[in-house]
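K.L.:
mind folding the following:
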Amino acid sequence: MGGLQSGGGTSAVAASAHAGCQRFRLTDPFLTRRTRKALAEELGHTDARAGIPEARWMRALTLPWFAAAGRRVHYWGDLDTHGFAILDQLRARVPTAESFLMDRETLLTHAEHWGREPAQHPGPLTRLMTDEAELYRDLLEGVHGHSVRLEQERIGFPYLERAVTTVLAAAPPR
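P.N.:
Purely as a prediction, here's the structure:
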């Protein structure tokens, strides 16, 4: 992915800085150097968090606009019950949102980086795809261990780079 580098932020921020990810760079407070509140007001929203945990609120707030413009919307969060709950919330706004790195293969490949989720999200999630719902259920039931969690920052950068390259290669031309 030539030129994809981490500048000390999360892998997600590094991925959003890639030239092929213009759709993320437009709304990333870190990259735009504008506050979340200013970006929300610019988009006509007074709720600066939009019901999504603070680290992800802006992308979820603006993604319906991207989807309406015919752009594919992708989500990558922590592989734990709350990560799937956020994906479910996002799909309430953008039903066509696609997840990546939110699968069993990613979880099992990174078993040495698992942590424990302090408290699991208990509710039913109705907007997950079949494979996502199965993994969510397995996390709740402790199939892979008690309260297993894989934080997105713990996924190796080469693994992330391959996944982002695959997502970008599958994106329709603009």
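K.L.:
any idea how far apart the tips of stretch 74-90 sit?
P.N.:
Terminal residues of stretch 74-90 lie 10 Å apart, using Cα to Cα, to the nearest Å.
K.L.:
likewise stretch 122-138?
P.N.:
Span of stretch 122-138 from end to end, Cα to Cα: 13 Å.
K.L.:
now do the strands in the chain.
P.N.:
74-75, 98-99, 115-116, 148-149 (DSSP state E).
K.L.:
dump the ones you listed to a markdown table, plus distance to residue 131, mean neighbour count and mean pLDDT.
P.N.:
All C-beta spots, glycine's among them, are computed from the backbone N, C-alpha and C. Output for the strands of the chain, formatted as a markdown table (distance: least, Cβ to Cβ, whole Å; neighbours: other Cβ atoms under 10 Å; pLDDT from 0 to 100):
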| stretch | distance to residue 131 | mean neighbour count | mean pLDDT |
| --- | --- | --- | --- |
| strand 74-75 | 14 | 22 | 86 |
| strand 98-99 | 9 | 18 | 92 |
| strand 115-116 | 22 | 12 | 97 |
| strand 148-149 | 17 | 20 | 98 |
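K.L.:
now the ones you listed as JSON lines including distance to residue 155?
P.N.:
Below are those laid out as JSON lines (distance: least, Cβ to Cβ, whole Å):
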{"stretch": "strand 74-75", "distance to residue 155": "14"}
{"stretch": "strand 98-99", "distance to residue 155": "13"}
{"stretch": "strand 115-116", "distance to residue 155": "13"}
{"stretch": "strand 148-149", "distance to residue 155": "12"}
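K.L.:
quick one, which of those is nearest to residue 124?
P.N.:
With Cβ to Cβ, the closest approach to residue 124 among those belongs to strand 98-99: 17.7 Å.
K.L.:
and the closest one, what does it pack onto?
P.N.:
When contacts are defined as 3 or more Cβ pairs under 8 Å, 6 or more residues apart in numbering; DSSP states H and E, strand 98-99 packs onto strand 74-75.
K.L.:
in terms of secondary structure, what does the strand it packs on contact?
P.N.:
Applying 3+ Cβ pairs under 8 Å, 6+ apart, we find strand 74-75 packed against helix 81-93, strand 98-99.
K.L.:
try it again at 7 Å.
P.N.:
Strand 74-75 sits against no helix or strand, with contacts defined as 3 or more Cβ pairs under 7 Å, 6 or more residues apart in numbering; DSSP states H and E.
K.L.:
quick one: the helices in the chain?
P.N.:
Remark: helices assigned in the chain by DSSP state H are 11-16, 22-25, 29-32, 36-42, 57-68, 81-93, 104-109, 130-141, 157-170.
K.L.:
which parts of the longest one are buried?
P.N.:
The reference is to helix 157-170. Within helix 157-170, the residues that qualify as buried by neighbour count (16 or more other Cβ atoms under 10 Å) are 160, 161, 163, 164, 167, 168.
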